[in-house]
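Visitor: Dropping the sequence and predicted coords here.
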Amino acid sequence: MTNRNITFIHLDLGIGGAEQLVINLAMASLNDPTVPDSSTSRSHNTVKIYTSNCDQSHCFDEVNIEKRGALSGCVRVRGSFLPDEIRVPFTNKSMGGRALCSTIRIFYLSLCAIFDYWFCSDSNCKGNEETLFVIDVLPTSIPLMKFLLYPASYLKSKLVGILFYCHFPDKHLVRDTINGEVTNKNRRSFLRSTYRYILDYAEEASMSHANFVLVNSNFTREVVFESFPRFSVRGVPTKVLYPSINIENFVPPSENDKSSSIGPIVSLNRFERKKNIQLLLEAIKILTNRLPSNLIKKLNVVISGGYDVQNDENINYLNELKELANNLGVKDLISFETSISDERRAALLQSALCVCYTPHREHFGIVPLEAMYAGSPVVAVKSGGPRETVIDGETGYLVEGTSEAFAVALNSLITNPSKANQMGLAGNKHVYENFRAEKFCRKWLAHVDKAMEFAKAEKSRRVSIQFVYTFIGLLVLCFAIGNCYS
């Protein structure tokens, strides 16, 4: 089996679904867990992760230096001095421009990765004949990378490929849309329209230069093809690779009998407005008007998730949610927990009556998988990725994105904990059979092989084209020389 250098380029290595995926890909790249250590066919790839930020107080254990994470030695922090958005000097007031700053940072990270590739002194890197660059979030640096890496195929006689993992088109993640749906009907200014047109065009054109593209769900794949018609025409191979969960980090369903007790109603999301967490608060308000007082007293709603003290949206949205809970009169039933530990996260998922997943048109959503594996049913909005992971009526409920619909689903579980317990056990089996890490690893390594095959085919086409151009050039030169002396 071929040993490769696999280099990941990711903007911010914090705590979130995209970051978890990158870590899972990197862990799967280190070696194939399905092949015994003693096997000669076992691969030993060299992995590097380039990022502009990896806060050790806000990152996954795998990249935590103090905890000696398996990937802590693979992380290369570059460009931490570059801003994530444009701010007014001295006042530090945000002026926006996050997409532009992200584009600049991804270019800088890509250049650093290419520089290290050309001048790498690591013996392991030098010994591998193939290198795959894996980029996610933004593809805009791919054409430049191919231009700068192209000579390596000949001067270093090594094969280089580029794979892009698309979580969701960036053109649909702007502030006046939520996952592709326009929320602000006001007409954009000419300057803003021009600004977005340039970035959106660059995203579509750049993605077309990847050797291979992966997406996190069929929903995302459909959105990509609808949003980027020129990309779909180019015929770049595009496959679905569902994110997985690391079963070793999560406990199986609790041995305690949950069929006769009402556990906490849990929400696990980053504190961002697009996560639509207020929907749960409004549903709880409806329940307080419908449930008998003895059941209301047993309600315990835990709203938790990733929280960055340097992120203005995280700070403002958490305050908005607390104010909303107070205004709705459900403050005493709600507890907010920010940036919880892995241990606390696992305990919540295991003990929950259910996990509410409120984002609309979520690209994939890793939380429902974690919840179902831990034995808790999921109540999710019937759109986007959850339609591909949650089996409606069997492992949870898929409902319309209204507080009324959520209240009805929650009511059925609160009044029948035994049913919630049965759904949770069914969810555990469903995740184990379809989304466990071993299956994810096999699929990922197979996609890596395919990406390198397409890179090799592209190299052959370039060589053929170069030969034809050289031959034609020589004929023209000979014809010109012959005319000079005739």
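Guide: Looks like it came in fine.
Visitor: Next, report how far the helix or strand where V134 lies is displaced from the centre of its chain.
Guide: Per DSSP states H and E: V134 is located in strand 130-136. Average the C-alpha atoms of strand 130-136, do the same for its chain, and the two points are 16 Å apart (CA atoms, centre = their mean, to the nearest Å).
Visitor: which stretches of the stretch 201-350 of the chain have low pLDDT?
Guide: Residues of the stretch 201-350 of the chain meeting the criterion pLDDT under 70: 249.
Visitor: Tell me which stretches of the stretch 51-200 of the chain form helices.
Guide: Using DSSP state H, counting those that start in this stretch, the helices of the stretch 51-200 of the chain run over 98-118, 123-127, 142-149, 152-155, 190-207.
Visitor: What helices and strands are in contact with the helix or strand hosting N327?
Guide: In the assignment (DSSP H and E), N327 maps to helix 312-328. For helix 312-328, the packing partners by 3 or more CB pairs under 8 Å, 6 or more residues apart in numbering; DSSP states H and E come out as helix 278-288, strand 334-338. Using the backbone N, CA and C atoms, a C-beta is placed for each residue, glycine as well.
Visitor: helices or strands next to the next helix or strand after the shortest one in the packing?
Guide: Counting by DSSP H and E, the element after strand 334-338 in chain order, helix or strand, is helix 342-351. With contacts defined as 3+ CB pairs under 8 Å, 6+ apart, helix 342-351 has these neighbours: strand 265-268, strand 301-305, helix 367-373.
Visitor: what's the angle from helix 342-351 to strand 301-305?
Guide: 140 degrees (axes from the mean of the first three to the mean of the last three CA atoms, to 10 degrees).
Visitor: Skip ahead from helix 342-351 and say which helix or strand is next.
Guide: Heading C-terminal from helix 342-351 (DSSP H and E), you reach strand 354-357.
Visitor: Please name the strands paired to that following strand in the sheet, noting orientation.
Guide: Strand 354-357 pairs in its sheet with strand 265-268 (parallel), strand 378-381 (parallel), by DSSP bridges.
Visitor: can you list contacts of it?
Guide: Contacts of strand 354-357 with the rest of the structure, by CB atoms under 8 Å, 6 or more residues apart in numbering, involve 265-269, 280, 283, 349, 365, 367-368, 371, 376-381, 386, 396, 406, 410, 413, 420.
Visitor: Give the ChimeraX command for selecting the buried subset of these.
Guide: Restricted to buried positions by 16 or more other CB atoms under 10 Å, the ChimeraX selection for those reads:
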select :265,266,267,268,269,280,283,349,365,367,368,371,376,377,378,379,380,381,386,396,406,410,413,420
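Visitor: ok, back up a step: put together JSON lines for the helices and strands packed on helix 342-351, with distance to N314 on each row.
Guide: JSON lines is the format used below for the helices and strands packed on helix 342-351 (distance: least, CB to CB, whole Å):
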{"stretch": "strand 265-268", "distance to N314": "15"}
{"stretch": "strand 301-305", "distance to N314": "9"}
{"stretch": "helix 367-373", "distance to N314": "17"}
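Visitor: Can you tell me which of the ones you listed is nearest to S208?
Guide: With respect to S208, and counting by CB to CB, the nearest of those is helix 367-373 at 30.9 Å.
Visitor: Residues in contact with stretch 77-89: which ones?
Guide: Residues contacting stretch 77-89 (CB under 8 Å, 6+ apart): 12, 50-54, 93-98, 100-102, 104-105, 108-109, 112.
Visitor: ok, 7 Å please
Guide: 50-54, 93-98, 101, 104-105, 108-109, 112 (CB atoms under 7 Å, 6 or more residues apart in numbering).
Visitor: buried subset of those?
Guide: Members of these classed as buried by 16+ other CB under 10 Å are 50-54, 97-98, 101, 104-105, 108-109, 112.
Visitor: thought L279 was touching E400?
Guide: No. With contact defined as CB atoms under 7 Å, L279 does not count as touching E400 (10.5 Å).
Visitor: ok, the two, which is more surrounded?
Guide: L279 (20 against 12; other CB atoms under 10 Å).
Visitor: quick one: that one and E458, what's the gap?
Guide: 46 Å (CB to CB, to the nearest Å).
Visitor: Kindly report the same for R345.
Guide: Remark: distance between R345 and E458 (CB to CB) = 42 Å.
Visitor: So which of those two has more stuff around it?
Guide: Counted by other CB under 10 Å, R345 and E458 do not tie: R345 has more neighbours, with 20 against 16.
Visitor: Ignoring the adjacent residues along the chain, who's closest to the more buried one?
Guide: L268 (7.0 Å; CB to CB, 6 or more residues apart in numbering).
Visitor: Run through the residues that contact that neighbour.
Guide: Applying CB under 7 Å, 6+ apart to L268 gives the contacts 304-305, 345, 355, 367.
Visitor: any idea which of those residues is closest to T238?
Guide: Among the contacts of L268, V367 lies closest to T238 (CB to CB), at 25.1 Å.
Visitor: Give me the phi and psi angles of the closest residue to L291 other than its chain neighbours.
Guide: Excluding the flanking residues, the one nearest L291 by CB to CB, 6+ apart is I414, at 6.7 Å. I414 adopts backbone torsions of phi -60, psi -40, taken as degrees, to the nearest 10.
Visitor: I414 - how many residues pack around it?
Guide: For I414, using other CB under 10 Å, the count is 20.
Visitor: pretty sure it is in contact with L295, am I right?
Guide: Yes. Between I414 and L295 a contact is recorded at 6.1 Å, counting by CB under 7 Å.
Visitor: Which phi and psi values does S376 adopt?
Guide: According to degrees, to the nearest 10, S376 has phi -120, psi 130.
Visitor: Run through the residues that contact it.
Guide: Counting by CB under 7 Å, 6+ apart, S376 has contacts 349, 352, 354-355, 424.
Visitor: cool, and L299?
Guide: With CB under 7 Å, 6+ apart, L299 has these contacts: 265, 333.
Visitor: Let's verify it: helix, strand, or coil?
Guide: coil (DSSP: H, G, I helix; E, B strand; the rest coil).
Visitor: any idea how far S267 is from the residue lying closest to F336 once chain neighbours are set aside?
Guide: Nearest non-adjacent residue to F336, counting by CB to CB, 6+ apart: I303, 5.3 Å away. I303 sits at a distance of 5 Å from S267 (criterion: CB to CB).
Visitor: Return every residue with contacts to both of those two.
Guide: Residues touching both I303 and S267 (CB under 7 Å, 6+ apart) are I277.
Visitor: L398 pairs with what?
Guide: Beta-bridge partners, per DSSP bridges, of L398: A380.
Visitor: any idea how far A380 is from it?
Guide: Counting by CB to CB, the gap from L398 to A380 is 6 Å.
Visitor: Of all the helices and strands packed on helix 342-351, which one comes closest to E66?
Guide: Short answer: strand 301-305, nearest of the helices and strands packed on helix 342-351 by CB to CB, at 22.9 Å.
Visitor: Neighbouring strands - and their directions - for the closest one?
Guide: strand 265-268 (parallel), strand 334-338 (parallel).
Visitor: Could you export those to JSON lines, including columns for distance to F212?
Guide: Listed next are the strands paired with strand 301-305 as JSON lines, based on distance: least, CB to CB, whole Å:
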{"stretch": "strand 265-268", "distance to F212": "31"}
{"stretch": "strand 334-338", "distance to F212": "37"}
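Visitor: Any idea which of the ones you listed gets closest to L287?
Guide: strand 265-268 (9.3 Å).
Visitor: Could you export that closest one as PDB, CA atoms only?
Guide: The C-alpha trace of strand 265-268 is given here as PDB (Å, rounded to 0.1, in the frame of the first residue of the first chain):
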ATOM      1  CA  ILE A 265     -33.900  17.900  27.000                       C
ATOM      2  CA  VAL A 266     -30.500  18.800  25.400                       C
ATOM      3  CA  SER A 267     -29.400  21.200  22.700                       C
ATOM      4  CA  LEU A 268     -25.800  21.000  21.500                       C
END
